[in-house]
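Novice: sequence first, predicted coordinates after that:
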Amino acid sequence: MNLSEISVKKPVFAWVLMIALIFFGWICSLGMGIGQMPDVDFPVLNISVSWEGAAPEVMETDVVDIIEDSVMGIEGLREVSSTTYQGMANIVLEFELSRDIDVALQETQSKLSEAQLRLPKDIDPPVISKINPEDQPIMWIGISSDRSRRDLMEYVDRYVKDRFKTVPGVGEVFLGGFIERNLRVWIHPEKLEEYELTVEDIIYAIQQEHVEMPAGQLETPKTEYRVRVMGEAKNVEDFEKMTINYRGGLPTYRSIPLKEVATIEDGLSDLRKISRVMGKTAVGLGIRKQRGMNSVKIAREVRKRIEDIRKDMPKDYEIGINFDSTRFIEDSVQELVFTLFLSAVLTSLVCWVFLGSWSSTLNILLAIPTSLMGTFLVLKFANFTLNTFTLLALTLSIGIVVDDAIMVLENIVRHRENGETQTNAALNGAKEITLAAMVATTAIIAIFLPVAFMKGIIGKFFFQFGVTITVAVLLSLLEALTFAPMRCSQFLQIGERKTAFGKGYEKLMAGAIARYRKILHFALGHKKIVLIGSFLFFIASLSFIPLLRKEFVPAQDQSMFLCHLQTPIGSSIEFSNERFLQAESIAAKTPAVRR
């Protein structure tokens with residue numbers, strides 16, 4: 001007993017299976033992540049190193065060269081490149097596409113651990129990260145104010161940043177233009193000379209005095225006490241009372257208070273980056289989502305959180321969205337979903353025009369949700385997301401998934417017109433067409449499945465496209481050989497067209513068939529001419545390939561632009577700030593600029 005016989009003889013079982021496939025597929029579609037592109041790990045690692053105050057030349061010789069030398073022996077390493085700045089450097093490792101990037105990351109960590117002994121002792125630990133487009137912030141939020149820069153930084157750090165971290169799905173919050181709060185020690189040179197001190201003496205005093213050391217516990221026969229050394233200063237006044245007890249490594253005869261030789265300021269770190277929104281000092285918050293999460297849903301929750309923060313925010317603070325990539329993702333997904341439904345409607349309309357029966361049209365139309373919703377089951381458990389490539393595959397597969405159902409339905413109708421009962425026509429028609437349907441489906445799979453095995457970065461993106469459309473086509477074959485015959489045995493109706501439209505269409509098709517018969521007779525009578533003409537047409541079409549423009553994805557107008565300005569080498573932060581202010585004033589005068 002084959003699949004068709006089982007479904008026709010046990011229609012309840014087939015109906016339940018079909019409804020379950022649609023229902024659970026719909027459940028899986030609701031829980032899938034949404035993004036513009038697939039979640040693809042590029043075979044690239046980035047090593048970021050910081051060494052406060054080091055010149056680029058020193059960073060290159062004492063840090064970058066050592067790291068590059070240590071990672072050269074990693075398996076599958078294709079290229080190493082580095083960029084060195086004042087106090088920091090980035091080393092980019094590119095691996096072969098076949099290399100498992102997670103394993104490469106572990107090997108890189110081991111190599112850096114071995115090289116740690118040769119690196120400067122006061123350098124910050126190297127940070128290794130994978131490069132993935134999905135790891136880029138999906139939103140940038142700007143908080144600006146006319147208050148002092150210190151008040152703004154403190155407000156963002158204490159009251160705003162953590163409120164976005166608690167949004168479900170948010171993986172990390174980046175701070176752009178943020179300057180850390182710290183205590184600045186302004187040393188008086190004349191006082192150093194008076195007390196015969198050096199800067200190293202002051203640094204040593206701070207390291208020794210401004211620290212909490214583990215003090216253990218105090219035990220008596222009846223009680224125990226935890227001992228704590230209150231070594232850290234709690235405010236500027238306590239910090240000023242800190243004493244300098246060593247001069248050149250030897251004890252001093254009199255403790256010298258720190259405030260005698262320096263002025264202590266509760267301020268910010270060195271101003272090396274400036275952020276503004278609409279001309280006001282600002283801090284940017286970049287929202288990065290967790291892997292595989294729904295970008296659109298996270299953005300909606302972030303917008304709600306912005307409204308909650310705005311209610312509690314002081315009047316002289318402003319918060320707004322500077323960049324929101326999910327707006328374009330949402331528009332793209334909605335457009336593709338609309339195209340998905342439109343394709344289903346147009347497909348059903350075409351089927352009705354050609355088949356001339358609402359029962360036949362409904363039979364074909366049910367093949368679309370069965371195949372597509374069943375595909376969502378596979379996509380969910382394969383950790384795919386709803387993105388441009390998967391939705392494109394689903395849209396394209398609508399016209400394909402109905403092919404097998406139409407083949408089976410047409411053969412069953414032919415048996416019904418020959419006088420067979422609904423059940424016998426469904427069994428005999430499905431049995432005769434099974435091999436042809438399998439061949440047609442296999443031919444389609446042979447076209448799209450190789451796309452999933454493409455090499456290179458493009459292949460990583462098209463993997464989800466190839467798998468999605470292959471699964472949809474396979475499910476369409478299963479649907480055509482099981483559920484379609486069952487439905488035909490239940491409610492398929494045949495008969496001549498009685499409406500004016502139906503009769504007119506039959507006459508039109510009769511004329512088209514007559515003309516097609518003449519063309520077919522000519523083609524069969526002049527085989528060489530047809531074959532040579534087809535070959536020449538194929539060759540001529542190939543000549544247009546070099547004339548076609550090539551790009552990874554189509555260009556999109558997202559109603560924004562990015563300007564990159566670079567001042568001359570050696571320009572101070574104040575000079576660069578003045579030039580950027582001029583550029584901002586030019587942009588602000590443009591009426592179309594929103595933010």
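Specialist: That came in fine, so what should we check first?
Novice: residues contacting the residue lying closest to Met454 once chain neighbours are set aside?
Specialist: Leaving aside its sequence neighbours, Met454 sits nearest to Phe462 (Cβ to Cβ, 6 or more residues apart in numbering; 5.5 Å). Where C-beta positions appear, they are placed from N, C-alpha and C, glycine not excepted. With contacts defined as Cβ atoms under 8 Å, 6 or more residues apart in numbering, the neighbours of Phe462 are Phe389, Val451, Ala452, Met454.
Novice: same check on Gly399?
Specialist: Ser343, Thr347.
Novice: now it: how far from Arg579?
Specialist: Gly399 is 56 Å from Arg579, where distance means Cβ to Cβ, to the nearest Å.
Novice: do the same with Lys527
Specialist: 74 Å.
Novice: more neighbours, those two?
Specialist: Arg579 (14 against 9; other Cβ atoms under 10 Å).
Novice: residues of the helix or strand that contains the more buried one that come out buried?
Specialist: Following DSSP states H and E, the helix or strand that holds Arg579 is helix 573-588. Neighbour-count burial for helix 573-588, counted by 16 or more other Cβ atoms under 10 Å, picks out Glu584.
Novice: just stretch 252-266 next, same as before
Specialist: Applying 16+ other Cβ under 10 Å to stretch 252-266 flags Thr252, Ile256, Leu258, Val261, Ala262, Ile264 as buried.
Novice: looking at these, which is nearest Glu5?
Specialist: Using Cβ to Cβ, Ile264 is the member of the buried residues of stretch 252-266 that lies nearest Glu5, at 89.9 Å.
Novice: show the contacting residues for the residue nearest to the spatial centre of the chain.
Specialist: Most central in the chain under Cα atoms, centre = their mean is Glu134, positioned 2.7 Å from the mean C-alpha point. For Glu134, the contacting residues are Gly35, Met37, Asp39, Val40, Lys289, Arg291, by Cβ under 8 Å, 6+ apart.
Novice: and the first one, how far from Ser585?
Specialist: Gly35 sits 37 Å away from Ser585, taking Cβ to Cβ as the criterion.
Novice: tell me where the model's unsure across the chain.
Specialist: Residue ranges of the chain with pLDDT under 70: 1, 133, 336, 495-498, 552-553.
Novice: what helix or strand does the nearest residue to Thr339 once chain neighbours are set aside sit in?
Specialist: Nearest residue to Thr339, sequence neighbours excluded (Cβ to Cβ, 6+ apart): Thr395, at 5.3 Å. Using DSSP H and E, Thr395 sits in helix 388-417.
Novice: kindly report the same for Ser48.
Specialist: strand 44-50.
Novice: helices or strands up against that strand?
Specialist: Strand 44-50 is packed against helix 65-71, strand 88-95, helix 101-115, strand 127-130, with contacts defined by 3 or more Cβ pairs under 8 Å, 6 or more residues apart in numbering; DSSP states H and E.
Novice: which of those sits most buried?
Specialist: strand 88-95 (a mean of 20; mean count of other Cβ atoms under 10 Å).
Novice: report the buried residues of stretch 188-201.
Specialist: Leu192, Leu197, Asp201.
Novice: surely the last one meets Leu250?
Specialist: No. With contact taken as Cβ atoms under 8 Å, Asp201 and Leu250 are classed as non-touching, separated by 10.2 Å.
Novice: from Asn245, how far off is the residue lying farthest from the centre of the chain?
Specialist: In the chain, Tyr253 marks the outermost C-alpha relative to the chain mean, sitting 64.0 Å out by Cα atoms, centre = their mean. As judged by Cβ to Cβ, Tyr253 and Asn245 stand 10 Å apart.
Novice: just Leu391 next, same as before
Specialist: Taken as Cβ to Cβ, the span from Leu391 to Asn245 is 70 Å.
Novice: one step back: report the buried members of the contacts of Glu134.
Specialist: Using 16+ other Cβ under 10 Å, the buried ones in these are Gly35, Met37, Asp39, Lys289.
Novice: number of nearby residues for Ala430?
Specialist: Neighbour number of Ala430 under other Cβ under 10 Å is 30.
Novice: tell me which residues of the strand or helix carrying it are tucked away?
Specialist: Following DSSP H and E, one finds Ala430 within helix 422-448. For helix 422-448, a neighbour-count test (16+ other Cβ under 10 Å) marks 422, 425-430, 433-434, 437, 440-441, 444-445, 448 as buried.
Novice: right, and the helix or strand after it?
Specialist: Helix 422-448 is succeeded, C-terminally, by helix 456-491 (DSSP H and E).
Novice: before we move on, the earlier item: between the buried residues of stretch 188-201, which is closest to Ser48?
Specialist: Asp201 (33.6 Å).
Novice: can you give me how far the host helix or strand of the closest one is from the chain middle?
Specialist: Element membership of Asp201, judged by DSSP H and E, is helix 199-209. Mean-position distance between helix 199-209 and its chain equals 47 Å (Cα atoms, centre = their mean, to the nearest Å).
Novice: could you list the paired strands of the next helix-or-strand element following that helix along with their orientation?
Specialist: Helices and strands here follow DSSP H and E; after helix 199-209, the next one along the chain is strand 214-219. Strand 214-219 pairs in its sheet with strand 224-228 (antiparallel), by DSSP bridges.
Novice: other residues contacting the helix or strand just after the strand it pairs with?
Specialist: The helix or strand immediately downstream of strand 224-228 is helix 236-240, counting by DSSP H and E. For helix 236-240, contacts defined as Cβ under 8 Å, 6+ apart pick out Leu183, His210, Ala233, Pro257, Leu258, Lys259, Ile264, Glu265, Asp266.
Novice: hmm, back to that, need the buried ones among the contacts of Glu134 in TSV (columns: secondary structure and distance to Gln558).
Specialist: What follows is these, written out as TSV (DSSP: H, G, I helix; E, B strand; the rest coil; distance: Cβ to Cβ, whole Å):
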residue	secondary structure	distance to Gln558
Gly35	coil	16
Met37	coil	14
Asp39	coil	21
Lys289	strand	19
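Novice: now, the most widely separated pair of those residues?
Specialist: Among these, Met37 and Lys289 lie farthest apart (Cβ to Cβ), at 12.9 Å.
Novice: got the CA positions of the strand holding Ser48 in CSV?
Specialist: Extracted in CSV, the C-alpha atoms of strand 44-50 (Å, rounded to 0.1, in the frame of the first residue of the first chain):
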residue,chain,number,x,y,z
VAL,A,44,37.6,36.4,10.3
LEU,A,45,38.8,37.1,13.9
ASN,A,46,39.8,40.5,15.3
ILE,A,47,42.3,41.0,18.1
SER,A,48,42.0,44.3,19.8
VAL,A,49,44.9,45.5,22.1
SER,A,50,45.2,48.6,24.2
